[in-house]
Structures are given as C-alpha cells and as structure tokens.
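Enquirer: how would this look folded up:
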Amino acid sequence: MKRITALFLAVTMIALLTVFTEGTSAAWDGTTIDTSWYNPNDTTFTLTTPEQLAGLAAIVNGTAVNIDPDNFVGKTVILGADVDLGGKNWAPIATDSGASVSGFMGMFDGQGHYIKNLTIDMVVREPNGIRYGLFGVIGSTGTVKSINFVGASVVTKDTTYSGVVAGYVLGGTVSRCMVDASSRVECYTSSNGMIAGRVENGGTIDSCINEGSIYGYGALEGAASAKPNTNVIIGGIVGLAASSVVKNCINYGRVEAAAKSMTPNQSGAAGIAGFVNNSEIINCVNYGDISFTDYLKENTTGTGGIVGKFHSGAGSIVNNCYNFGNIAGKENDNTHTGLVGGLGSVLGTIQNCWSVPCGNLEIIGSSMVSGFEVKDCKIVAQTDAEYAAMESAANAIWDKINEIALSLTIHYVYENGEKAADDHYSEWREGEEYSIESPAVTGHIPDKEIVSGTMGNTPVEITVTYKAKEITLTIEYVFEDGSKAAEPFVDTKPFGTEFYVESPKIEGYEPNYPVVEGKYEIDRTIKVKYTATGTQSETQEEEGETTTAPGTTTVAPGTTGEQKESGCKSAAGSAVILLAVLGTALVTTKRKSRLTKN
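Expert: Next up, the predicted model:
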C-alpha cells in the first residue's frame, strides 16, 4: 500500500509539475511588489502573479507605500493562477511584529493552484519575529485553504514556529493544503511542522497532506549563539497543537529529530503532531519514518507515529488514526517511544487506532502516567486478516481529503437587479460549514447580513439583495435669537433620492438659504436662519406671496417646505454652498421663484 501510494504520488507530481510549468507567470525577482489590485473598500481580490502575492504580504505587514495596514478581516483573497516565488527569501504574510501582530484574518483560497519555490532562510529573528511560513500568523478569523506547494524550503536557525503554510495558527484554519516530496523544513528549536509550526486557541488543521521531510535539531550552531533549554518539537503536519484540532491529515514524509550539540529541554517527533496539549487528533494517517535516535530524557522526550508527546494540559484525544511508518527512538527505547503515541506525560486517550508492528514497540511508550487510556487499539501485521480493513480505513481518509469541491457563489444586487458588489466565489466540500459576511454597500442594507449554512452535495448559488436605507432630512427655520420662525420641514426618503426645498417666506425677514437642495444620503438637520430686512411692500414686490409677520404661526398655503424631487436646478447666476461634508445638500443664497409642489 505504502509503496504503491508513493509511486502514484511521484507520477502525479511529475504530471502536475508539467502543468505548473506551462501555466505559471515568470518567477519572482525577490524585490518587486504589486499592490495595484488593492482597494480598501473591496472585499474580494484575485491574485495571479508572485508580485501581487508579495503585495499582499506588504499590505498585511504594514510595509506597503501609502497603504494603511489591513488584516483582511471579512475579505477574501483568491489565488487565480500558479505562481513561482523563484527561490527568493520570503517575508511571511502577517509577521508577529509590527502592524500584523494579530495575524491574517481573512480568507485565502488557493483554488488548488501551485506555489512553487517558497523559500525562507532565516538566520536571526528580526525583523520579522519568530513565525515563519507563507503566512507567519493566521489569526482567529483567518482561513487558508486549497494551496499546493512544490519545492518549498523553510530553514530557520533561531527559536521559531515554522511551517510551509504557516508558522503560527492562532485560532484560524488551514485546510486542503498539500506539500510535495521535494519540499523540506529544517529547524533548530521550538515548534515546527511541515504544514504549520504551532496551532493554538481553537485552531484547526483539516484535510492536509505532507510528502516533504522535516529535520529538527536541539540547539543552535556555534558556542556564541547556542541557547540552553531549547526545544525540538517537530511533526509531519504540525509541531505543537494546543487546545486545537488536527483532522483528516496524512503524512508521507520523513520526520527526523536530533539533539545536536546541546540537550533540549523538551522534545518530540511524530508523523502528525510532535506535542499535543488538550487537543484532538482525529482521522489521521502516517506513512513516514519517524526517528529521534540520539537523545532521551525522562518525562520530556517522546517519539510516535501519530503523536510524540502528550504534553502539559491533560485531556488530549487521538482517535481513529493509523500508522504504517517505521518508528525509532534511542537505542530501541520503548518507554518514551510508541507506534501511535510516544510519551504520555499527562492524562490523555488513544482510541480506535491501529498500527503495523515495529520492533518491540507498543501503541504508546511504557512510561505513560497512571490513568492514561488506550482503548480499542490494534497492532496489525501485513499478513494479518485485519490488515485489509486497516488499509481500507486509511484509504477512506484519503478519499475524504480528495472529495470534489463544490462551488458557493453569492451575487450582490440592488432591488432593480443591478450589481451592488463583486460576486463571492469559494469552494467547499460536502458537510463543511460556511459563513460569509455580506460586503458593506454605502446607503444600503442587505437582506442577508451573513450567508451561512452547510454544504450539501450540489453547488450553491445565492443572491443577496440590497435595499436603500430610509434617510431623514430635517430643516429647522429660526430667527437670529434661535426662536422658531416656522414649522420645521421633516421628510424621509430612500438613499439617493434628490430633494429641492424652498424656505418659507416670512414678511420682513430674509432666510440665509432660500432653497436647500441635494440628495438623501445621511440623516441630517439643517438650520435656516431668518434676519430682519426691508418693508413688507418691498418684499412683496420681489417675492410675491409672503407669510405673516413674526409672532404668528399662520403660513400662506403652498409656501412652507415645498419640495421637488425632479432635480430642478437653480436660476442662472445662483451661488451654492456645500452644507454637509458627508452629503450633497446644496443651498442657494439668492431668491428663487417658487416651484409648483409635486
């Protein structure tokens, strides 16, 4: 099974590399960035070149010129083509320093495209902190999905969290990403994995496959830089999972840990997760060879096919997982080394897990704490009758990962059917839950603020309709002392409706704004002030019909708060003044002939 699968993957990768070569833009030069695709008011972006991908990193990290940092919360970035990063040193998207400390918070959908030659060669942490991968930090609302990596190289020579996809998943999600056999991670200390280095705070790694190799060492080279009490925590999928979930993942790659010249304080090596802390590892398979052969320390070291060490917080569960790989601890150790779990230093559970035999190893190392549970687990040789069932169960996990993606398309339109915002497009597997926030459209309210649901077995197409907000205009008429000159004009209309309101005539007084006109765009109150002017006869001569003098409340019919919504313009020569910064209300300063009320 293992050899057949490996051969299949190799042939598949050759075919995919041919497609990649034919459909890829020119390799990145390591310096050019392109941010021309970005508009802070948009919610969906499509990137097709390595320069644009570098532009995304610059925007998130706050290094893009004349662009404010954006963590892309509520936004979707789509990879629309294969890209070649050219083997140039990559600055992660969302480092753990500066503007991007909260991480990438949006959706990044690779759509199955390939990223070739991602390269990170880190000697010291600065200036990009200690999280390394295509993404440095994926934040609590962040999702990265459906990316295939070819020829990735992540080499870190300081204390880091590193992985090909992400260094640190802080409550976010990584799903359906694959790392090919030509990729590698080489790390010195702390938490490192082929998919992600460290996953915490409810983070999820789902349906990912690794074929590449990871090498971890317990100290830094050279006496000047070596640091005591450093850690070797490495996994074929993740280095460490804390209060998180790793599910439906497969590792084919080699995982090799070595203590080098210094003895690490904590260490673990495994096909799926080096360390687990109150986490779940579900439906995962390891085919890779796992070794930690030159270091052994009581209660700190663990080597296993699925999990290296049950560490710190109790309660981790490993369920329905399968190991086909060779597992080797120091000098045939079986106290801290096991087929599924290495060291059970805190209470946890391994259940419904099967493994092929390897030397004298059991499901978990014999030095597990009292009360650690191992339930319904089996060691199954290739010659056993149950081996076919074990293969079938592992193949079912592969099939689940490779289920056909189904499209979710959301159209955003106005009530008249015209486009209100760019369509949303993403892909989901049957049973996956989706939740897409509708984009903001000025002056309008969507009938669905969030589109959510569970993907069925057919594509989903949804329309979100935007209705114009109801906007209220109030015009108050006052004398110079602030007292009321006439009844206020109050009207409510849909956003964007034009208004044209004449100020009422009051005998012996002149309004500073004879006419107020503009559009209903924000709720607002406008004051029209009346000052004493010439005699009544003069006023009648200029303006015709007038209201009564101040002190009474009678207004001549048809003269108060007249409005025309046809967009009628001022008489020639009228001067206009912008009344509201956030609107387009205009007022005239010269008397106009009264319009007939509609």
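Enquirer: so where is this protein shaky, pLDDT-wise?
Expert: Along the chain, the parts satisfying pLDDT under 70 run over 1-24, 97-100, 124-129, 218-230, 259-265, 294-299, 534-598.
Enquirer: number of nearby residues for the closest residue to residue 338 other than its chain neighbours?
Expert: Leaving out its chain neighbours, the residue that sits closest to residue 338 by CB to CB, 6 or more residues apart in numbering is residue 364, at 4.0 Å. (C-beta placed from N, C-alpha, C; glycine too.) Applying other CB atoms under 10 Å, we find 30 residues neighbouring residue 364.
Enquirer: Check residue 88 too.
Expert: By the criterion of other CB under 10 Å, residue 88 has 17 neighbours.
Enquirer: Also residue 137?
Expert: Neighbours of residue 137 (other CB under 10 Å): 30.
Enquirer: Next up, phi/psi of it, please.
Expert: In terms of degrees, to the nearest 10, the main-chain angles of residue 137 are phi -130, psi 130.
Enquirer: That one contacts residue 103, doesn't it?
Expert: Yes - between residue 137 and residue 103 there is a contact under CB atoms under 8 Å: 3.5 Å.
Enquirer: tell me, what's touching these two both at once?
Expert: 94, 96, 168, 170 (CB atoms under 8 Å, 6 or more residues apart in numbering).
Enquirer: so which of those residues comes closest to residue 47?
Expert: Closest to residue 47 out of the shared contacts of residue 137 and residue 103 is residue 94 (15.5 Å), distances taken as CB to CB.
Enquirer: Identify the residues contacting the closest one.
Expert: By CB under 8 Å, 6+ apart, residue 94 lies in contact with 57, 60-61, 71, 100, 102-104, 131, 135-139.
Enquirer: out of these, which are inside helices?
Expert: Among the contacts of residue 94, the ones falling in helices (DSSP state H) are 57, 60-61.
Enquirer: Filter the residues you listed down to just the buried residues.
Expert: Among the ones in helices among the contacts of residue 94, those scoring as buried are 57, 60-61 (criterion: 16 or more other CB atoms under 10 Å).
Enquirer: possible to save those as TSV with distance to residue 426?
Expert: TSV is the format used below for these (distance: CB to CB, whole Å):
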residue	distance to residue 426
57	22
60	20
61	25
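Enquirer: Between those, which sits nearest residue 497?
Expert: For those, the minimum distance to residue 497 (CB to CB) is 39.6 Å, reached by residue 60.
Enquirer: residues near residue 477, how many?
Expert: Per other CB under 10 Å, the neighbour tally for residue 477 reads 23.
Enquirer: Can you verify it is assigned to a helix?
Expert: No - using DSSP: H, G, I helix; E, B strand; the rest coil, the assignment for residue 477 is strand, not a helix.
Enquirer: Please name the residues that touch residue 50.
Expert: By CB under 8 Å, 6+ apart, the contact list for residue 50 reads 25, 27-28, 83-86.
Enquirer: backbone phi and psi for it, please?
Expert: Backbone torsions for residue 50, taken as degrees, to the nearest 10, come to phi -60, psi -30.
Enquirer: Grab the nearest non-local neighbour of it.
Expert: Using CB to CB, 6+ apart, the closest residue to residue 50 is residue 28 (3.5 Å).
Enquirer: Please give the element, helix or strand, for that neighbour.
Expert: Per DSSP states H and E: residue 28 is located in neither a helix nor a strand.
Enquirer: ok, how many other residues are close to the spatially closest residue to residue 466 that is not a sequence neighbour?
Expert: Leaving aside its sequence neighbours, residue 466 sits nearest to residue 444 (CB to CB, 6+ apart; 3.9 Å). By the criterion of other CB under 10 Å, residue 444 has 19 neighbours.
Enquirer: Contact partners for residue 444?
Expert: Counting by CB under 8 Å, 6+ apart, residue 444 touches 414, 420, 466-469, 495.
Enquirer: Among those, name the ones in strands.
Expert: Among the contacts of residue 444, DSSP state E puts 414, 420, 466-468 in strands.
Enquirer: Can you give the domain ranges for this structure?
Expert: Split into domains by automatic domain parsing, the chain comes to 2-401, 406-466, 470-588.
Enquirer: distance between the first one and the chain's centre?
Expert: Using CA atoms, centre = their mean, to the nearest Å, the distance from the centre of domain 2-401 to the centre of the chain it belongs to is 18 Å.
Enquirer: With respect to residue 410, which of the ones in helices among the contacts of residue 94 is nearest?
Expert: residue 60 (24.1 Å).
Enquirer: correct me, but the closest one touches residue 68?
Expert: No - taking contacts as CB under 8 Å, residue 60 lies outside contact range of residue 68: 11.1 Å.
Enquirer: Quickly list what the nearest residue to residue 523 once chain neighbours are set aside is bridged to.
Expert: Using CB to CB, 6+ apart and skipping the chain neighbours, the partner closest in space to residue 523 is residue 472 (4.9 Å). Per DSSP bridges, the residues bridged to residue 472 are residue 492.
Enquirer: quick one, helices of the stretch 451-598 of the chain?
Expert: Under the criterion DSSP state H, counting those that start in this stretch, helices of the stretch 451-598 of the chain are mapped to 536-543.
Enquirer: related to what we said a few turns ago, residue 308: which of the shared contacts of residue 137 and residue 103 is nearest?
Expert: Distance to residue 308 across these (CB to CB) is lowest for residue 168, with 18.9 Å.
Enquirer: Verify the stated contact: the closest one with residue 103.
Expert: Yes - between residue 168 and residue 103 there is a contact at 7.5 Å, judged by CB under 8 Å.
Enquirer: Return every residue with contacts to both of these two.
Expert: Here residue 168 and residue 103 have 96, 136-138 as joint contacts, going by CB under 8 Å, 6+ apart.
Enquirer: ok, the residue nearest to residue 50 - contacts?
Expert: 50-51, 53-54, 83-86, 88.
Enquirer: Give me the subset of the contacts of residue 94 lying in strands.
Expert: Cross-referencing the contacts of residue 94 against strands under DSSP E gives 131, 135-138.
Enquirer: how about the residues you listed in a markdown table, adding distance to residue 350?
Expert: As requested, those are exported to a markdown table (distance: CB to CB, whole Å):
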| residue | distance to residue 350 |
| --- | --- |
| 131 | 30 |
| 135 | 31 |
| 136 | 33 |
| 137 | 31 |
| 138 | 28 |
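Enquirer: now, which of these sits nearest residue 272?
Expert: So of these, ranked by how close each gets to residue 272 (CB to CB), first place is residue 138, at 18.8 Å.
Enquirer: any idea how far residue 107 is from the closest residue in space to the closest one that isn't next to it in sequence?
Expert: In space, and not counting its chain neighbours, residue 138 is closest to residue 172: 3.7 Å by CB to CB, 6+ apart. Distance from residue 172 to residue 107, counting by CB to CB, to the nearest Å: 10 Å.
Enquirer: okay, those two: which has more neighbours?
Expert: residue 172 (28 against 25).
Enquirer: Quickly note the distance from that one to residue 106.
Expert: The gap separating residue 172 from residue 106 is 10 Å, by CB to CB.
Enquirer: Over to residue 133?
Expert: Shown here: residue 133 relative to residue 106, a distance of 16 Å by CB to CB.
Enquirer: higher neighbour count, the two?
Expert: Set residue 133 next to residue 106 and count neighbours by other CB under 10 Å: residue 133 wins out with 34 against 25.
Enquirer: what sits against that one?
Expert: Taking CB under 8 Å, 6+ apart as the criterion, residue 133 is in contact with 92, 120, 154, 162-167, 196-197.
Enquirer: Same check on residue 194?
Expert: 163-164, 179, 183, 185, 210, 212, 214, 235-237, 251, 253.
Enquirer: again with residue 52
Expert: Contacts of residue 52 by CB under 8 Å, 6+ apart are 34-35, 37.
Enquirer: thought residue 216 was touching residue 254?
Expert: No - counting by CB under 8 Å, residue 216 stays clear of residue 254, with 11.5 Å between them.
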